[in-house]
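>>> Take a look and give me a structure for this.
(2 chains)
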Protein chains: 2
Amino acid sequence: MFETAELGRELTKKAFKARVPSLREALLSTQFKLREAGLPVIILFAGVDGAGKGETVNLLNEWMDPRWISTRSFDDPSVASLERPHYWRFWAGLPPNGQIGLLLSAWYSQPLLKRVYGDISNAAFDQKLDEIQNLEQTLADDGALILKFWMHLGKDAQEERFKSFEADPLLEWRVTERDWKHWRMYDEFIANAERLISRTSVGHAPWHIVEGYDQNYRSIRVAELILEAMQARLEANRVREELRKVSAAAPAVAPADSEDTGDSVTVDVPGPLTVLSRLDMSLDLQNGDYKKALREQQARLNSLHRQAFKRGLTTVLVFEGSDAAGKGGAIRRCVAALDARQVTIVPVAKPTDEEYAHHYLWRFWRHLPRAGRVLIFDRSWYGRVLVERVEGFASEEEWRRAYGEINAFESQLVEHGIVLLKFWLHISADEQLERFNAREVTPHKRWKLTDEDWRNRERWQEYEEAVHDMVERTSTRASPWVLVAANSKRYARVKVITSVCDALENALARTDSETEHD
Amino acid sequence: MFETAELGRELTKKAFKARVPSLREALLSTQFKLREAGLPVIILFAGVDGAGKGETVNLLNEWMDPRWISTRSFDDPSVASLERPHYWRFWAGLPPNGQIGLLLSAWYSQPLLKRVYGDISNAAFDQKLDEIQNLEQTLADDGALILKFWMHLGKDAQEERFKSFEADPLLEWRVTERDWKHWRMYDEFIANAERLISRTSVGHAPWHIVEGYDQNYRSIRVAELILEAMQARLEANRVREELRKVSAAAPAVAPADSEDTGDSVTVDVPGPLTVLSRLDMSLDLQNGDYKKALREQQARLNSLHRQAFKRGLTTVLVFEGSDAAGKGGAIRRCVAALDARQVTIVPVAKPTDEEYAHHYLWRFWRHLPRAGRVLIFDRSWYGRVLVERVEGFASEEEWRRAYGEINAFESQLVEHGIVLLKFWLHISADEQLERFNAREVTPHKRWKLTDEDWRNRERWQEYEEAVHDMVERTSTRASPWVLVAANSKRYARVKVITSVCDALENALARTDSETEHD
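Next up is the predicted model:
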């Protein structure tokens, strides 16, 4: 695979100088169009040490406008990163729309080195690569332009490079014992790199192998490839935009279904019969029983979370439900049993403009807490397949894709050991009407009721179908939905807290037995 | 001072229960009005251990809507915090407009404990308190409502509380050896707390001493004080708003000058004669000299920054200047000499909505980098006293206050050891016109010229005065302005890089000699 990158290709100084001015100008103007188009560009650099990754990145910063480039090097993860799921720091380092992110030692670095060191098996390596593919697919689906450069040097060329650094007093600091150690593992390194590249070079995120021997050659080559890809994407966007304008005039055609699996399930369900129909809405609790059960479960939650905090076991709770289903009340009963210093509640409304400039999952990643904390989402990423689907804020392609994206996101939380619970608080249409009416007449509750609530109510059936699909697609063994019959607030609150307690208890027991087996 | 909080005041369970419902309702509705008014509320809790700080905070979360409360406890600073100026983590933890921040162990905690342990002198303690006053003043000036609670227990009551915890198997974890150690230092602790409170209890950020002996009493007391303060502030805002409406109709009266010092300097300067008039605008460099000097200084910068990075010496560069003064080009020449992985460039434009919901300095605090990095602001906090002043986006009171706020902010950076340099790139009006015209005819530069640039140009004289005032007020010994004659881009670029190098060299020499003296 790398033979073509060990040819000793060079570019004379003269040829280099002749090419640079027009290249820079094209890069700058394309970068500007990129900003206008709001297109995020993610460029990864990996490869053999000494092949000029750092130099190339510096040069790109010089050639383009560095104010709209963010250069990130992911060294060993900090404590803050280790307390979160693996990809947390990478999400935090993604460029916003319209900017170029130059990423070094990003998501490929650790898996490759671990495999070379023999810390993980081939199967585990492949699994990591699958995860990465998933991430890149998600970003590309959202419109990001992704480019990956493997900067290459042959084994002899690397040795030569290191020795020349060591001979220069100004550069010798660049060669460390670790570099020589890696050099001795060169063949192992390259064999696994080949596997990595062949498995992860896909249309929406291709690898480019660039010979790093000669600085002039590699600089021009990388810059030209970036320029070409940016121009091609801008042109494709322009064409698509024009087609859209044309087809907007033509009659709509139902889009072909892009997924083969699962969709039949949704289609087969007749309108009114959803998973929610199976809920026993008569469940209730008498006031005395409620007070007793609530007190008991709150005490239980307090004690369980104190243990969880000590062990660094993080909890993420997601609350969804129709308007007036009692999410706020349920959340308050949970929080009352916890230490407020260890709890964060994120009410999810309209994204801020910083959030809007990123992938829709970015705004949830950013809130993931430190180890042992409780994070509560009052509404969540499920907005994508609920309100955004029903109101048409997301295209059908987008919300259909979201099920898979959400499952991938959640499985990362669960794999990190986070206790993740998702609650759907369900009330009947009649109960909602009663609560809306009650809100209208109670002065200190009137603000809770908006015109939007009434509008949403008109789409009750569509929401029920969306909920049904959501549960079908995203209730996995690792992070199941808890459907709560919430016509009785008392019943719902106790059910929620009890579920949190059960989940925590299980998780604590699991970590217990893991510790015992260690 | 604390005698009145050692009376053993209690509230019967019955009285407590009678008070709670109406209090909660009032708190909730006031909290809602607060959100509508976009008023940030900062509530600090300090005091004697065991006096119920944590419990009170939990209760407030239960009584109000916890989705709009952020509870932060500032434990020992993390590595990430230690690499930034002291107040960085506190700024990051401030509530946005419309929310209530409940802060525990915030800015008072460390100075008090350090003083009690004897780690700092009385004078150093007072200086810390002055810094804190400055911070609180800044936040209050911006409209934040600040409340500070000292939760109190007498020495005997604290002992009793600890012993009762220790007797309860469910609560004994709450008492640590550290608690007893602090108890034995009670008198010293209280003496210094008295000093702290008397020096920092001011109208815009008063201390309330609350007896913490009885849970019912202290809960109601704290909640009532918070409610009262929030209501009073909302009412004051309402009245002020109405007055504003009334006076908007009346003829404008020049506002009385609130500061006594310094203002005379500004007033005395006749229009056209500013610090900028003293610049020798004919300074230039021949192309050959320029290339040589640039190369030399870039090499120097590269080597100096490599040393600075190793020592964790952080650099912050601020670039201001009229439109087309060449900020971007100067920045690019600096960045080209640095390792892009260690540089962040922050182009300062319109604040994002998250930034807009905070004090105007918040958006700069958030970018402060890790140790050893270079942070470059392309425009900066000086917008407050330049464009915001001239265009009237900030009121006269706001921009006049900003000089002091900026000086306080910058002195914190400098005290933390950051190398801070501020460049004003100055061009003459004629030179600007020439550059504007050139931009209009050069295709790939046309985007750089906007209607706003032409509008700003009409206010040339006002901008010059604003710059003059800015330099007069904010060029301090610790962080001086570097005024750069920039009619010649070549001269300006070399001047900028040379200045950065000189500053780094001085700072490195300083840390050298400090190390030697250690």
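>>> Nearest residue to A:Lys310 in space, please, no chain neighbours.
Excluding the flanking residues, the one nearest A:Lys310 by CB to CB, 6 or more residues apart in numbering or on different chains is A:Gly372, at 7.3 Å. C-betas here are computed from N, CA, C, even on glycine.
>>> For the one you found, what are phi and psi?
When read as degrees, to the nearest 10, the backbone of A:Gly372 gives phi 90, psi -10.
>>> My understanding was that it contacts A:Leu338; is that so?
No. Counting by CB atoms under 8 Å, A:Leu338 is not a contact partner of A:Gly372; they are 11.5 Å apart.
>>> Who has more neighbours out of these two?
Set A:Gly372 next to A:Leu338 and count neighbours by other CB atoms under 10 Å in any protein chain shown: A:Leu338 wins out with 23 against 18.
>>> Distance check, the more buried one against chain B.
Per CB to the nearest CB, to the nearest Å, A:Leu338 is found 8 Å from chain B.
>>> Check the secondary structure at that residue for me.
A:Leu338 carries the three-state label coil when classified by DSSP: H, G, I helix; E, B strand; the rest coil.
>>> A:Ile345 versus that one, what's the distance?
Going from A:Leu338 to A:Ile345 by CB to CB, to the nearest Å gives 11 Å.
>>> What are the structural domain limits within chain A?
Following automatic domain parsing, one finds the domains of chain A at A:3-239, A:274-517.
>>> And chain B, is the first one touching that?
Yes. Remark: domain A:3-239 sits within contact range of chain B at A:25, A:28-29, A:32, A:54, A:57-58, A:60-62, A:65-73, A:78-80, A:102, A:104, A:170, A:173, by CB under 8 Å from any CB of the partner chain.
>>> For beta bridges, what are the partners of the residue in the stretch 101-250 of chain A that chain B sits nearest to?
Nearest residue of the stretch 101-250 of chain A to chain B: A:Leu104, at 6.5 Å (CB to the nearest CB). Judged by DSSP bridges, the bridge partners of A:Leu104 are A:Phe45, A:Ser73.
>>> Isn't it up against B:Arg341?
Yes. Between A:Leu104 and B:Arg341 there is a contact under CB under 8 Å: 6.5 Å.
>>> overlap in contacts of those two?
Residues touching both A:Leu104 and B:Arg341 by CB atoms under 8 Å, 6 or more residues apart in numbering or on different chains: A:Gly54, A:Val57, A:Thr71, A:Arg72, A:Ser73.
>>> what about chain A, any weak spots by pLDDT?
Along chain A, segments meeting pLDDT under 70 span A:250-273, A:443-444, A:515-518.
>>> Without its sequence neighbours, what residue ends up closest to the residue nearest the centre of it?
Compute the mean C-alpha point of chain A, and by CA atoms, centre = their mean the closest residue is A:Leu361, 5.1 Å away. Nearest non-adjacent residue to A:Leu361, counting by CB to CB, 6+ apart: A:Phe409, 5.6 Å away.
>>> in what helix or strand does the one you found lie?
helix A:396-415 (DSSP states H and E).
>>> And the helices in the stretch 101-250 of chain A?
A:109-117, A:122-141, A:155-167, A:177-184, A:186-200, A:215-249 (DSSP state H, counting those that start in this stretch).
>>> Now mean neighbour count too, for the ones you listed, in a markdown table please.
Listed next are the helices of the stretch 101-250 of chain A as a markdown table, based on neighbours: other CB atoms under 10 Å in any protein chain shown:
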| stretch | mean neighbour count |
| --- | --- |
| helix A:109-117 | 18 |
| helix A:122-141 | 17 |
| helix A:155-167 | 15 |
| helix A:177-184 | 13 |
| helix A:186-200 | 16 |
| helix A:215-249 | 15 |
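>>> of those helices, which approaches A:Glu464 most closely?
helix A:122-141 (27.2 Å; CB to CB).
>>> For the stretch 351-500 of chain A, what lies in contact range of chain B?
So the stretch 351-500 of chain A meets chain B at A:Thr352, A:Asp353, A:Glu354, A:Asp378, A:His444, A:Trp447 (CB under 8 Å from any CB).
>>> switch to 10 Å and redo it
For the stretch 351-500 of chain A, the residues in contact with chain B (CB under 10 Å from any CB of the partner chain) are A:351-357, A:370, A:376, A:378, A:443-445, A:447-448.
>>> Let me see the contact set for A:Thr498.
By CB atoms under 10 Å, 6 or more residues apart in numbering or on different chains, the contact set of A:Thr498 is A:Ala293, A:Leu294, A:Glu296, A:Gln297, A:Arg300, A:Leu301, A:Val482.
>>> rerun at 8 Å
A:Ala293, A:Gln297.
>>> Wasn't it part of a strand?
No. Under three-state DSSP, A:Thr498 sits outside any strand and is assigned helix.
>>> Distance check, it against chain B.
19 Å.
>>> about what we covered before: farthest-separated two in the shared contacts of A:Leu104 and B:Arg341?
Maximum distance among the shared contacts of A:Leu104 and B:Arg341 (CB to CB): 12.7 Å, for A:Gly54 and A:Arg72.
>>> Need the overlap of contacts for those two.
A:Leu104, B:Arg341.
>>> How many residues are close by A:Arg366?
When counting by other CB under 10 Å, one arrives at 14 neighbours for A:Arg366.
>>> Tell me who's in contact with it.
Per CB under 8 Å, 6+ apart, neighbours of A:Arg366: A:Trp91, A:Ala92.
>>> ranges for the helices of the stretch 251-400 of chain A?
Using DSSP H, counting those that start in this stretch, helices in the stretch 251-400 of chain A cover A:263-268, A:287-311, A:327-336, A:353-356, A:362-365, A:387-390, A:396-415.
>>> now the second one against helix A:327-336, angle please.
Pointing back at helix A:287-311 there. Put simply, helix A:287-311 runs at 60 degrees to helix A:327-336, going by axes from the mean of the first three to the mean of the last three CA atoms, to 10 degrees.
>>> Measure how far helix A:287-311 is from the centre of its chain, please.
Going by CA atoms, centre = their mean, to the nearest Å, the spacing between the C-alpha centre of helix A:287-311 and its chain's C-alpha centre is 32 Å.
>>> Identify all contacting residues around it.
Contacts for helix A:287-311 (CB under 8 Å, 6+ apart): A:285, A:313-315, A:333-334, A:336-339, A:342, A:372-374, A:419, A:490-491, A:493-494, A:497-498, A:500-501, A:504-505, A:507-508, A:511, B:170.
>>> Now the buried members of those residues.
A:285, A:313-315, A:333-334, A:336-339, A:342, A:372-374, A:419, A:490-491, A:493-494, A:497-498, A:500-501, A:504, A:507-508, A:511 (16 or more other CB atoms under 10 Å in any protein chain shown).
>>> gap between A:Phe162 and B:Ala205?
The value you get for A:Phe162 to B:Ala205, if CB to CB is used, is 60 Å.
>>> Please apply the same query to A:Gly329.
A:Gly329 is 34 Å from B:Ala205, by CB to CB.
>>> ditto for A:Lys445
33 Å.
>>> who has more neighbours, the two?
More neighbours surround B:Ala205 than the other of A:Lys445 and B:Ala205, with 21 against 15 (other CB under 10 Å).
>>> Name all residues that make contact with the more buried one.
By CB under 8 Å, 6+ apart, the neighbours of B:Ala205 are B:Glu136, B:Gln137, B:Ala140, B:Ile146, B:Leu147, B:Lys148.
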